[in-house]
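Engineer: Make a model of this:
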Amino acid sequence: MNRSESYEIPERMKDRSIPAAQVGVRIRRAAAAAMVLLVAACSSTGMRSPDPQNQGVQNPPPVFNLSGYSATYKKGHVDGCAQRRDERLYRDEADYMMGWNDGRGACAKMRR
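Structural biologist: Below you'll find the model as predicted:
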């Protein structure tokens, strides 16, 4: 077949053609679908933790198994984790001091 000869569409293919009006609709739908996928891919995954200062909500303290320890040690551990200290107890109670130091260290490792 020469390039100068015209090519005729076979009869079995003629009825498969798409009307021009439908071509535009299909292109617009494909473009809209691509935009939706692009926006979805670029949107936030929500995996970031919310800022508790902006939300007014504090993160709950981590859970540690403190069974078998004295109540003073447990209070020191909780206070150490929260990075607050009762100076009188820290000075006068060895259990509070040990609990505070342990709580501060354990929670500091979890914050890293």
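
Engineer: and the closest residue to M98 other than its chain neighbours, how many neighbours?
Structural biologist: Using C-beta to C-beta, 6 or more residues apart in numbering and skipping the chain neighbours, the partner closest in space to M98 is Y73 (6.3 Å). For every residue, glycine as well, the C-beta is placed using N, CA and C. Neighbourhood size, Y73 [other C-beta atoms under 10 Å]: 21.

Engineer: Ok, G99 next?
Structural biologist: For G99, using other C-beta under 10 Å, the count is 27.

Engineer: any idea how far it is from V63?
Structural biologist: According to C-beta to C-beta, to the nearest Å, G99 and V63 sit 15 Å apart.

Engineer: If you count contacts, what does the host helix or strand of M110 end up packed against?
Structural biologist: In this structure, M110 sits in helix 94-111 according to DSSP states H and E. Where contact means 3 or more C-beta pairs under 8 Å, 6 or more residues apart in numbering; DSSP states H and E, helix 94-111 is packed against helix 71-81, helix 87-92.

Engineer: between these, which gets nearest to A33?
Structural biologist: helix 71-81 (49.4 Å; C-beta to C-beta).

Engineer: Would you mind writing the CA trace of that closest one as CSV?
Structural biologist: Extracted as CSV, the C-alpha positions of helix 71-81 are listed here (Å, rounded to 0.1, in the frame of the first residue of the first chain):
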residue,chain,number,x,y,z
ALA,A,71,2.5,4.7,97.0
THR,A,72,5.2,7.3,97.5
TYR,A,73,7.4,5.8,94.8
LYS,A,74,4.3,5.7,92.4
LYS,A,75,3.5,9.3,93.1
GLY,A,76,7.2,10.2,92.4
HIS,A,77,7.1,8.2,89.2
VAL,A,78,4.0,9.9,87.9
ASP,A,79,5.3,13.4,88.8
GLY,A,80,8.7,12.6,87.2
CYS,A,81,7.0,11.5,84.0
